[in-house]
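Visitor: Below is the sequence, then the predicted model.
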Amino acid sequence: MEHNTASIVSKVWSFCNTLRDDGVGYGDYLEQLTYLIFLKMADEYGRPPYSRAVGIPSAYNWQSLRSRRGAELEVHYVTLLRELGSRPGMLGQIFTKAQNKIQDPAKLYRLIDTINETDWVLLGSDVKGDIYEGLLEKNAEDTKSGAGQYFTPRALIRALVACVRPEPGKTIGDPACGTGGFFLAAYDFLLANYPLDRAQKAFLKHNTFAGNEIVSNARRLCLMNMFLHNIGEIDGESPISSADSLVADDGRRFDYVLANPPFGKKSSMSFTNDEGEQERDDLTYNRQDFWATTSNKQLNFVQHIRTILKSTGQAAVVVPDNVLFEGGAGETVRQKLLETTDLHTILRLPTGIFYAQGVKANVLFFDNRAASKDPWTREVWYYDYRTNVHHTLKKKPLRLEDLADFSACYQPLNRHKRQATWDALKNPNGRWRSYSYDEISARDKTSLDIFWLKDSSLADLDNLPEPDDLAAQIVENLEAGLNSFREILAAL
């Protein structure tokens with residue numbers, strides 16, 4: 001059956017714009033779309049030639065929505081969301097804490113009617129995925145919703161996956177998976193680069209991916225995103241846990257961990273004091289497998305990721321700058337990471353590529369190793385893609401080709417064949433060079449925060465960035481400064 005993808009996307013978007021006039025944002029719209037598309041696909045799977053029992057009671061299935069209008073539809077929809085949210089497996093995870101955000105029954109009926117016009121099961125997973133990924137990105141762009149912190153730029157994710165080169169039949173974890181970007185990029189990479197047999201395809205669909213996401217909205221979007229990409233079963237168990245991955249080691253071990261843990265330095269929890277006022281308290285995770293006890297969430301994620309890697313496991317993790325230079329627990333974590341893993345690559349990322357402003361981030365690539373009396377890291381290769389690099393989300397977003405030089409320098413097929421592009425005499429502007437373990441361990445606090453390129457805007461007044469790039473840089477720096485002051489204020 002032929003489907004016009006563009007027309008489906010157009011219909012989905014046009015209705016979103018209609019609802020925005022009623023104050024329904026991208027995030028709320030995306031949630032309702034998730035519920036309704038899931039119910040429509042369950043209905044399609046329940047019919048020939050599939051005829052599957054998908055676990056949705058007839059009183060709360062797709063047809064129960066189609067047969068109602070007006071106030072009766074609105075009341076029934078609210079009841080349906082509540083009932084399905086109490087069910088086990090993926091069904092319950094998708095509908096956990098679900099609420100109706102479309103207050104006009106006529107528009108709810110129109111949305112149901114629009115979704116009903118498409119046979120979603122017959123659509124290719126790439127088509128369904130493109131529609132949903134587009135909605136996720138639009139949602140991330142809506143800065144008021146705060147959804148950007150769960151959305152990592154897809155160009156960055158694809159570049160990291162291409163460097164790590166996951167193999168069929170191996171497991172991939174993400175302890176803070178957001179909307180599932182790393183899983184989907186790895187899924188696409190495996191399909192595109194290997195001729196998978198039946199057993200490998202089954203493993204890819206059912207056993208490859210597992211993760212955690214404590215935010216229910218992000219988790220449901222991740223599950224739907226994975227399901228639309230043909231990962232998991234509509235009536236199967238959820239591959240995404242709602243548990244806080246940092247609380248304990250659940251015993252799972254992965255061949256690969258690909259992650260961008262949430263931004264924000266401190267782990268904290270809300271509580272009510274004796275006066276009935278809401279306060280926040282820093283969380284520390286007392287785990288025997290951690291090298292250091294700290295409330296720094298990013299350092300905890302680095303420690304946790306090392307724990308959940310198999311002894312031959314590989315990781316690519318996005319972390320903010322403070323992980324590279326912070327003292328105390330930070331120094332301990334860096335020392336242990338250098339000793340117990342092969343921390344072979346650090347990619348310094350530019351500002352202006354994340355939806356959360358003011359973020360200065362890096363990617364740590366490290367391979368886990370068995371216990372040894374000698375440090376496993378021999379040298380750390382750096383790629384500086386921050387100095388003299390200017391990106392903005394709208395006018396100059398990060399593209400996959402922007403990271404092509406890094407990928408080439410990384411040498412994914414054999415990283416032991418790397419050649420530096422930096423040379424003090426021949427190429428002082430080279431972005432790729434290495435530092436030995438001895439050089440790094442001799443630095444104050446074992447700091448990994450290393451730059452060697454000169455900022456051309458400071459050296460050459462005739463070659464200043466474009467005004468909008470300069471303004472964006474100023475905004476980024478101010479945001480970063482404000483975030484630092486907020487953390488200081490919270491600590492006080």
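Guide: Sure, I can see it. Numbers count the residues shown, from 1 in each chain.
Visitor: Pro168 versus Ser86, what's the distance?
Guide: Distance from Ser86 to Pro168, counting by CB to CB, to the nearest Å: 37 Å. Backbone N, C-alpha and C define where each C-beta goes, glycine included.
Visitor: out of these two, which sits in the busier spot?
Guide: Pro168 (17 against 10; other CB atoms under 10 Å).
Visitor: Please look at Thr252 and Ile308 and confirm they touch.
Guide: If you look again at residue 252, you'll see it is Arg, not Thr. Yes. Arg252 is within contact range of Ile308, at 6.1 Å (criterion: CB atoms under 8 Å).
Visitor: Pick out whichever of these two has more residues nearby.
Guide: Neighbours per residue, other CB under 10 Å: of Arg252 and Ile308, the larger number sits with Ile308, 21 against 14.
Visitor: Help me confirm that Ile440 is found in a helix?
Guide: Yes. Counting by DSSP: H, G, I helix; E, B strand; the rest coil, Ile440 falls inside a helix.
Visitor: What's the per-residue pLDDT of it here?
Guide: pLDDT for Ile440: 97.
Visitor: Run through the residues that contact Tyr45.
Guide: Residues counted as contacts of Tyr45 (CB atoms under 8 Å, 6 or more residues apart in numbering) are 52, 54, 121, 234.
Visitor: Try it again at 10 Å.
Guide: Listed by CB atoms under 10 Å, 6 or more residues apart in numbering, the contact set of Tyr45 reads 51-54, 56, 120-121, 233-235.
Visitor: Any stretches of the stretch 201-350 of the chain with poor pLDDT?
Guide: Scanning the stretch 201-350 of the chain with the threshold set as pLDDT under 70 gives 264-282.
Visitor: Okay, helices next: where are they in it?
Guide: 216-228, 297-308, 322-325, 329-340 (DSSP state H, counting those that start in this stretch).
Visitor: Any chance of the ones you listed in TSV with distance to Asp130 as columns?
Guide: Shown next, in TSV, are the helices of the stretch 201-350 of the chain (distance: least, CB to CB, whole Å):
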stretch	distance to Asp130
helix 216-228	9
helix 297-308	30
helix 322-325	34
helix 329-340	37
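Visitor: among the ones you listed, which is nearest Ile474?
Guide: helix 322-325 (21.3 Å; CB to CB).
Visitor: Please tell me how far the closest residue to Cys177 other than its chain neighbours sits from Phe301.
Guide: In space, and not counting its chain neighbours, Cys177 is closest to Gly211: 3.6 Å by CB to CB, 6 or more residues apart in numbering. Distance, Gly211 to Phe301, using CB to CB: 13 Å.
Visitor: Common neighbours of these two, please.
Guide: Counting by CB under 10 Å, 6+ apart, the common neighbours of Gly211 and Phe301 are 175-176, 245, 257, 259.
Visitor: Name the nearest of those relative to Ser436.
Guide: Once CB to CB is applied, the member of the shared contacts of Gly211 and Phe301 that ends up nearest Ser436 is Val257, at 26.0 Å.
Visitor: sorry, back to before: who touches both of Arg252 and Ile308?
Guide: Contacts common to Arg252 and Ile308, judged by CB under 10 Å, 6+ apart, are 173, 175, 210, 245.
Visitor: Just put the residues you listed in JSON lines and tack on neighbour count.
Guide: Shown next, in JSON lines, are those (neighbours: other CB atoms under 10 Å):
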{"residue": "Gly173", "neighbour count": "27"}
{"residue": "Pro175", "neighbour count": "26"}
{"residue": "Ala210", "neighbour count": "20"}
{"residue": "Ser245", "neighbour count": "25"}
